[in-house]
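S.K.: Sequence unavailable; structure follows:
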């Protein structure tokens, strides 16, 4: 965790508060299980790598709010999962107790959503075709407009969700094999779900795509996007920054952090 935070601070992808938040959340995730940590790291490194090659104008040095909005609820699900089972063994989906599956699915859905949305933003901005507003698909809008989508971005969101699903499934492979042999671990009172565990991948893919769409809808309606003739190519999210800003879409109700948190949280519980 320390090395990752140091690397992020050096590359200016996190500020000091962001590094502290990342260290705390990363430590918690490592504590509750290596497969949870692998999934979180898959989100972090893939998103950071894509961000380095994106043309999106985004402020560096993400702070603690941005870190927590993209990790807190998911990690709560991870902690709740282990408290429900009272063990740190990496069990797959279980039919009993049901709550363990609810929290495990919530963790997976949360990170599938955050990854899919980040991939859609970072890759979609590279599309050669103009983005359209998701709530008004007949209307082309400037690149970077909140709630704008492209075909490339939508495909990226599907890929991002599938990436998290595959990562989580492969990191759980050992436990899936162990469940085939009841003597391999203490499974008293635990019943494996009859549903194929490969549905982890399908669940993550669907949650990633739907979560990204929800994020776009919220961004197009409740998050302000504006432009100014004085600053070509810049999308403003605060209409009070300048009197020359003209509204493109959305209302000044939610910030980008709020939209990310709300969409990922809803996807977490629905998933």
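M.R.: Perfect, thanks for sending it. Just so we're clear, the structure is a prediction, and the values are computed from it rather than from any experiment.

S.K.: Name the residues of stretch 28-41 that are buried.
M.R.: In terms of neighbour count (16 or more other CB atoms under 10 Å), stretch 28-41 has its buried residues at 28, 29, 32, 33, 35, 36, 37, 38, 39, 40. Backbone N, C-alpha and C define where each C-beta goes, glycine included.

S.K.: my read: the fourth one touches residue 75, true?
M.R.: This means residue 33. No. With contact defined as CB atoms under 8 Å, residue 33 does not count as touching residue 75 (11.1 Å).

S.K.: one step back: inside helices: which ones of the buried residues of stretch 28-41?
M.R.: Under the assignment DSSP state H, those contribute 28, 29, 32, 35, 36, 37, 38, 39, 40 to helices.

S.K.: so where's the longest helix in the chain?
M.R.: Across the chain, the longest stretch assigned as helix under DSSP H is helix 98-124.

S.K.: For whichever helix or strand comes after it, give the mean pLDDT please.
M.R.: The helix or strand immediately downstream of helix 98-124 is strand 132-133, counting by DSSP states H and E. On average, the pLDDT along strand 132-133 is 96.

S.K.: Equivalent analysis for stretch 160-167, please.
M.R.: Rounded mean pLDDT across stretch 160-167 is 95.

S.K.: List the contacts of it.
M.R.: Residues outside stretch 160-167 that contact it (CB atoms under 8 Å, 6 or more residues apart in numbering) are 38-39, 42-43, 46, 108, 111-113, 115-120, 200-209, 211-212.

S.K.: Now residue 264: closest residue in space, sequence neighbours ignored.
M.R.: Using CB to CB, 6 or more residues apart in numbering and skipping residues adjacent in sequence, the residue nearest residue 264 is residue 113, 4.5 Å away.
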